[in-house]
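# Curious how this folds, go ahead:
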Amino acid sequence: MTAVETLTPTETAVVASVSVRDVNRIIDEKILPETLYVEADRTRRFYFDSCALISFYFKAANRLTSEERSRTVATAVMRLRESTRWHGLWTDYLKEMDWKEWTIREEFLTIDLAPFLKHAQERLARLLAARGRVNKDPRILGGSPVIKGTRIPVYDVAASVAAGLPPERILEAYPGLSAEDVELAALYAEANPSRGRPRRMPEPPAGAVIVSVRHAPRRQRS
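Below you'll find the predicted structure:
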């Protein structure tokens, strides 16, 4: 897996499988120690370490109190500081690490953080795969993200997924893509939302065929 130093809030939300609002909330409420993120000029960047802990904090809310979750996060951070992997570039070592290291015991409470770490690792791998499948070239559609090796806009594919179109219908519309391409395009768009509100095109009637598309000039008012 390719190394990643820091992630944007939206990328962090994707890896942690929470909302961007939750990611910002955990900072605003000072739940996550400052050593797990960087904040400068109103920009926040998160280390991968934080993704698993953010995921744990919100997904364990129905089982543990906020105090118990905060203490667990603090204990895990202390353990990370003692590790030679502290903010190390998280690569293949996750496959070899002793997952028992991530069992936190405090008095009568035992918490296993390994599932959250594994989930974050898998999500990060998918995010990196999505990055690798996207190309941004000024010579192609003005630099808009496209599926590598094609001129198919990533956000068009992602919009079809978000609209709930069946995968087979999306593949019919984009015969040059694979199911993997479609999934990764949607993930890339989720981690890198486009600015502004996308235009919504009305769906043509069943069996209709678009022969050509022309934009008529707008009539000027007298």
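
# same for the longest helix seen in the chain, what does it pack against?
Using DSSP state H, we find that the single longest helix of the chain is helix 114-133. Applying 3 or more CB pairs under 8 Å, 6 or more residues apart in numbering; DSSP states H and E, we find helix 114-133 packed against helix 9-16, helix 48-59, helix 93-96, helix 179-191. For glycine as for every other residue, the C-beta is placed from the backbone atoms N, C-alpha and C.

# tilt between the last one and helix 9-16?
Computed with axes from the mean of the first three to the mean of the last three CA atoms, to 10 degrees, the direction of helix 179-191 lies at 130 degrees from that of helix 9-16.

# Stretch 19-36: which residues count as buried?
D22, V23, R25, I26, I27, I31, L32, P33, L36 (16 or more other CB atoms under 10 Å).

# and the longest helix of the chain, average pLDDT?
Averaging pLDDT along helix 114-133 gives 91.

# Output that helix in CSV with nothing but the alpha carbons.
C-alpha atoms of helix 114-133 as CSV (Å, rounded to 0.1, in the frame of the first residue of the first chain):
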residue,chain,number,x,y,z
ALA,A,114,-8.0,-3.9,16.0
PRO,A,115,-11.3,-4.1,14.0
PHE,A,116,-11.3,-0.3,13.6
LEU,A,117,-7.6,-0.3,12.5
LYS,A,118,-8.3,-3.1,10.0
HIS,A,119,-11.3,-1.3,8.6
ALA,A,120,-9.5,2.0,8.3
GLN,A,121,-6.6,0.1,6.5
GLU,A,122,-9.0,-1.4,4.0
ARG,A,123,-10.7,1.9,3.4
LEU,A,124,-7.4,3.7,2.9
ALA,A,125,-6.3,1.0,0.4
ARG,A,126,-9.6,1.6,-1.6
LEU,A,127,-9.1,5.4,-1.5
LEU,A,128,-5.5,5.0,-2.8
ALA,A,129,-6.8,2.7,-5.5
ALA,A,130,-9.4,5.3,-6.5
ARG,A,131,-6.7,8.0,-6.7
GLY,A,132,-4.6,5.7,-8.9
ARG,A,133,-7.6,5.1,-11.2
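
# now that helix and helix 9-16, what's the angle there?
Counting by the same axes, to 10 degrees, helix 114-133 points 130 degrees away from the direction of helix 9-16.

# quick revisit: quick one: which two of the buried residues of stretch 19-36 are the most distant?
The most widely separated members of these, counting by CB to CB, are D22 and P33 (16.7 Å).

# so how many other residues sit close to E107?
Per other CB atoms under 10 Å, the neighbour tally for E107 reads 5.

# quick one: A16 and E122 touch, right?
No. Shown here, A16 and E122 do not form a contact pair, counting by CB atoms under 8 Å, at 11.9 Å.

# which of these two has more neighbours?
Neighbour comparison, A16 and E122: the larger count goes to A16, with 29 against 13 (by other CB under 10 Å).

# Please tell me how far the more buried one sits from Y188.
17 Å (CB to CB, to the nearest Å).
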